[in-house]
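Structure here, sequence nowhere to be found:
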């Protein structure tokens, strides 16, 4: 099938050669851990034979979440960068509240990474989310379109364009749980969700006829001990590690157990001696 492609590059990546691992749910062998919202069926295109999910429903929005496939979950911070992607086609998207032909009706496409260890008094989880597109519609996606976002999972600050959710002090909008960083959340991804819900917005009922396919994650190994990102392992990386270790920065928590101790030092020495790929 012919695809349009929308790519959102967000990460400053480590230099030099890297190893990548990509896992894709094609739906050829079933749902593969994905749970879709109401009105969704696993269908096969009559012409191409391509299996995909088709959602047909009048609702506030549609979503697809996965909390059972380890390929999409776990500790993202062990990768130098992570790319999440999916294919989408919109056959129909409209609302009774907007007269036909006057304003093209659109919805956002959002990816959210949830960490249930950050459940608070009002929220079941802490999460980070990114609006991949704010204008999916039957006009813009009348054929299959690939959307993707790439980010640095070790970032303590929210990368550009990302938002946080789960904090109790959210009177002015969604925020990260108190004390949590971006890296803290993605160090334990319990659930990944693609949806048409931007946590900062309110939605009325709309009619959806949307097809999705090829949910994918690419983990770029990078070089976690090249801490200054210059492609060379030397004294400066050792200095960066000592500083990060002293500050209990996630960059120095190399075994991702949220404890900065001898095991992180040992992991750094072993990786340093082995060199970068």
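Looks like it came in fine. Everything quoted here is computed from the prediction, not taken from an experiment. Numbers count the residues shown, from 1 in each chain.

Pretty sure residue 167 sits against residue 179.
No. The pair residue 167 and residue 179 fails to qualify as a contact (C-beta atoms under 8 Å) at a distance of 9.4 Å. For every residue, glycine as well, the C-beta is placed using N, CA and C.

Those two: which has the busier surroundings?
Set side by side, residue 167 and residue 179 show more neighbours around residue 167, with 19 against 8, by other C-beta atoms under 10 Å.

Give me the local confidence score for that one.
If you check residue 167, the pLDDT there is 88.

who are the neighbours in contact with it?
120, 123, 126, 174-178, 180 (C-beta atoms under 8 Å, 6 or more residues apart in numbering).

what about it, distance to residue 29?
Note on residue 167: its distance to residue 29, by C-beta to C-beta, to the nearest Å, is 39 Å.

Over to residue 157?
According to C-beta to C-beta, residue 157 and residue 29 sit 39 Å apart.

Tell me, how many residues neighbour residue 114?
23.

Over to residue 174?
Once other C-beta under 10 Å is used to define contacts, residue 174 is seen to have 16 neighbours.

One more: residue 233?
Once other C-beta under 10 Å is used to define contacts, residue 233 is seen to have 19 neighbours.

Could you confirm it falls within a strand?
No. Checked against DSSP: H, G, I helix; E, B strand; the rest coil, residue 233 lies outside a strand; its state is coil.

so what's it scoring on pLDDT?
Model confidence at residue 233, given as pLDDT, is 86.

So it sits against residue 239, correct?
No. Proximity of residue 233 to residue 239 does not meet the contact threshold set by C-beta under 8 Å, at 12.0 Å.

Figure out how far stretch 255-266 is from the centre of its chain.
A distance of 25 Å separates the centroid of the chain from that of stretch 255-266, by C-alpha atoms, centre = their mean, to the nearest Å.

what mean pLDDT would you report for that stretch?
With pLDDT averaged residue by residue, stretch 255-266 scores 84.

which residues are contacting it?
By C-beta under 8 Å, 6+ apart, the surrounding residues in contact with stretch 255-266 are 75, 77-78, 187, 245, 248, 252-254, 267.

among those, which ones are buried?
The neighbour-count test (16 or more other C-beta atoms under 10 Å) marks 77-78, 187, 245, 252-254, 267 as buried among these.

Just send the contacts of stretch 255-266 back as JSON lines, with secondary structure and distance to residue 227 too.
As requested, the contacts of stretch 255-266 are exported to JSON lines (DSSP: H, G, I helix; E, B strand; the rest coil; distance: C-beta to C-beta, whole Å):
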{"residue": "75", "secondary structure": "coil", "distance to residue 227": "18"}
{"residue": "77", "secondary structure": "helix", "distance to residue 227": "13"}
{"residue": "78", "secondary structure": "helix", "distance to residue 227": "15"}
{"residue": "187", "secondary structure": "coil", "distance to residue 227": "17"}
{"residue": "245", "secondary structure": "helix", "distance to residue 227": "10"}
{"residue": "248", "secondary structure": "coil", "distance to residue 227": "15"}
{"residue": "252", "secondary structure": "helix", "distance to residue 227": "8"}
{"residue": "253", "secondary structure": "coil", "distance to residue 227": "12"}
{"residue": "254", "secondary structure": "coil", "distance to residue 227": "11"}
{"residue": "267", "secondary structure": "helix", "distance to residue 227": "13"}
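
burial count for residue 275?
As a burial measure, residue 275 scores 10 neighbours (other C-beta under 10 Å).

Distance of it relative to residue 226?
With distances defined as C-beta to C-beta, the gap from residue 275 to residue 226 amounts to 10 Å.

What of residue 36?
The gap separating residue 36 from residue 226 is 40 Å, by C-beta to C-beta.

Those two: which is more packed in?
Neighbour comparison, residue 36 and residue 226: the larger count goes to residue 226, with 23 against 18 (by other C-beta under 10 Å).

Right, I'll call it a day here.
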